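Undergrad: kindly return the folded structure for what I paste below:
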Amino acid sequence: MLKLLASVLTLTFALTGCGESPQPESSATSDSASAVNNTANATALTVYKSPTCGCCEDWITHMEGEGFEAAIEHPSRMATIKAELGIAPEYGSCHTGVSEEGYVFEGHVPAKLVRQFLDNPPENALGLAVPRMPVGSPGMEMGERFDPYDVLLLKTDGSSEIYARIETPEQQY
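TA: Numbers count the residues shown, from 1 in each chain. The predicted structure is shown next:
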């Protein structure tokens, strides 16, 4: 019982740090790390996240290291943004990236798969999602710990299917 309580408290703490917090509706600030990859070839993403979420910052650093440039927004109502973008609650995570073309990348999706998707978007695709926050995914590194996870293809009709199965940390890069 004590282990279960500790697990629930840990998860609650992690999700609260990445959850909604009262902030101005939008404060379009660029992360200082985005200057690292500020090149003409960088792929732009708008990333919606809580200003207090560290794992979101780590995911952004991962993306920028792989040739993406992030414009960061801190909306006060993340659930509203996700709903407006067509992301159902069961696919939710702590942050949402949106490409210039309007494709969504929910949660800790590896940059490699975002690039693969953008190079050849499937028909009727909304984007990709890694629901929740799998340990070991980009931005969720915890030493040697790693939990295999699925990257889902979100479709415009609200359905999903497995886009990629990540079994090892190496498959993410």
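
Undergrad: how about the spatially most central residue of the chain, what does it touch?
TA: Nearest residue to the geometric centre of the chain (CA atoms, centre = their mean): residue 107, 2.4 Å. Neighbouring residues of residue 107 by CB atoms under 8 Å, 6 or more residues apart in numbering: 92, 93, 94, 95, 96, 129, 130, 131, 132, 133, 137. For glycine as for every other residue, the C-beta is placed from the backbone atoms N, C-alpha and C.

Undergrad: and with 7 Å instead?
TA: 93, 94, 95, 129, 130, 131, 133 (CB atoms under 7 Å, 6 or more residues apart in numbering).

Undergrad: report the separation between the nearest residue to it once chain neighbours are set aside and residue 67.
TA: Closest residue to residue 107 apart from its sequence neighbours, by CB to CB, 6 or more residues apart in numbering: residue 93 at 2.7 Å. Distance, residue 93 to residue 67, by CB to CB, to the nearest Å: 22 Å.

Undergrad: who has more neighbours out of these two?
TA: Set side by side, residue 93 and residue 67 show more neighbours around residue 93, with 26 against 13, by other CB atoms under 10 Å.

Undergrad: state the pLDDT value of residue 116.
TA: On the pLDDT scale, residue 116 is placed at 97.
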